[in-house]
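Enquirer: need a 3D model of the following:
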Amino acid sequence: MIPTLSTPLNLPSGTTLPNRIIKAAMSEGIADAHNDATPRLETLYRRWAQSGAGMLLTGNVQVDRHHLERPGNVVLDAETDLAALRAFAKAGTCAGNHLWMQLSHTGRQVDEKINAAPLAPSEVELDVARGAGYSFAKPRAMTEADILHVIGQFAYAAKMARETGFTGVQLHAAHGYVLSQFLSPLTNRRTDAWGGSLESRARFLLETIAAVRKAVGPDFPVSIKLNSSDFQKGAFTNAECIELVGWLNESSLDLLELSGGSLEQPKVVGVSLKDEGEDARPESMKKREAYFLDYAASVRAAAKMPVMVTGGFRTVSVMEDALANGDLDAVGIGRPMIADPELPKRILSGEVTRAPTPEDRINLFHLLGWNNAQLECLAEGLDPDLGLDGEAAAALFKTREEKVFADLLSYQRRVA
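Expert: Got it, this is the predicted structure:
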């Protein structure tokens, strides 16, 4: 039978997703100063739970509070308010849908005001545009004890995610975070058993998956988000991704999500700032929607577990064709579900044939602020303000993010 978006998806662990539309992970920044879940986060996910999506992925929940992607991240460690997490999970599953917690560790991608000596595979600094608002310190190369500790942090967080009511977990091994950093020869220059060959660079990821599976048991969905390529010369390639999938086939994964790029090379929003190396696409292919679909088919052919692709899907016919062609098993939708939080329901009913594309009228440099302004509306129980000016939204986001940052640092000083 040829699958469609409404076809249920059976996973290796025995779980079934009710359809093939998944809300992709997006950073919400709505935790409190202690990095705990909040009622506003519940409001946001209660809205998305009723969207019609078969599964929701949370924004990156950090396993280490010293390695935040931004100050409003939720953290899951021994200090976490578990009652707040249970309320979050209850709200996010209120329509009988799945809610999987995305678990992440930023490695070197953490603001130096939060961590002046972040952990990373090697002492390789981030190469980002100066003056773009980023401020990162030179990382410290992880010892083997550090590596084993981080593996334990992922396993603990996954266990607690299950205990607090989330229905699955995803390990973030893409976009330049620490699991991704180990995979890339640009950021992993180690000469011990955790670096060098692809097999050694992949060891950290494979052992983390094994530890998480042991912590949650055989019947709980475990997924990873992986770059189809880093799209950066000398970094993790699509060929390496396909080779890695061969090892992942033996790891009891339930779902492999494919994305691409990093903070240095933001392909996840369709932008390229550096030489893409061997995975650069021909000019004729660059204007197609679904940024990573061209690379997904070869990965899907090698994968035994279901494959999800996120990034740039806008047209329902493209989504359906990708499923019918066997290029993927599930479609990840991110930013369109901010502009239209009921989008999956509208797609499945045939009401719409194309997702909203507010980014077409928003300046690229204002897009992050605009989307975050809409998340704020949804967290307040309001509808998105689609008429909001991009420049005004970016200014609002900057002001709010500075306040959240100040609140975090103030709280940390009080408890130090």
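Enquirer: within the helices and strands, which one has D385?
Expert: Element membership for D385, per DSSP states H and E: none, as it lies in no helix or strand.
Enquirer: meant to ask about L171, not that
Expert: Counting by DSSP H and E, L171 is found in strand 168-173.
Enquirer: CA atoms of that strand as PDB?
Expert: Taking Å, rounded to 0.1, in the frame of the first residue of the first chain, the C-alpha atoms of strand 168-173 are listed here in PDB:
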ATOM      1  CA  GLY A 168       9.200   9.300  23.300                       C
ATOM      2  CA  VAL A 169      12.600  11.100  23.100                       C
ATOM      3  CA  GLN A 170      14.800  12.400  20.400                       C
ATOM      4  CA  LEU A 171      18.600  12.900  20.700                       C
ATOM      5  CA  HIS A 172      19.700  16.100  18.900                       C
ATOM      6  CA  ALA A 173      22.700  15.000  16.800                       C
END
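Enquirer: which is the succeeding secondary structure element to it?
Expert: helix 178-183.
Enquirer: relative to the strand holding L171, what are the paired strands and their orientations?
Expert: According to DSSP bridges, strand 168-173 forms sheet pairs with strand 98-104 (parallel), strand 222-227 (parallel).
Enquirer: average pLDDT for that strand?
Expert: Mean pLDDT, strand 168-173: 98.
Enquirer: residues touching it, excluding its own?
Expert: 15, 25, 55, 57, 60, 98-105, 154, 157-158, 161-162, 179-180, 183, 205, 208-209, 212, 216, 220-227, 254-255, 257 (CB atoms under 8 Å, 6 or more residues apart in numbering). For every residue, glycine as well, the C-beta is placed using N, CA and C.
Enquirer: that one: how far from the chain's middle?
Expert: Relative to the centre of its chain, strand 168-173 is centred 8 Å away, using CA atoms, centre = their mean, to the nearest Å.
Enquirer: just the buried positions in stretch 72-86, please.
Expert: Buried residues in stretch 72-86, counted by 16 or more other CB atoms under 10 Å: G72, N73, V74, V75, L76, T80, A84, L85.
Enquirer: now do the strand or helix carrying V150, average pLDDT.
Expert: In the assignment (DSSP H and E), V150 maps to helix 144-163. For helix 144-163, mean pLDDT is 98.
Enquirer: quick one, phi/psi of F136?
Expert: Per-residue torsions, F136: phi -120, psi 140 (degrees, to the nearest 10).
Enquirer: need the contact list for it.
Expert: By CB under 8 Å, 6+ apart, F136 lies in contact with R108, Q109, V110, D111, E112, P118, E125, L126, V128.
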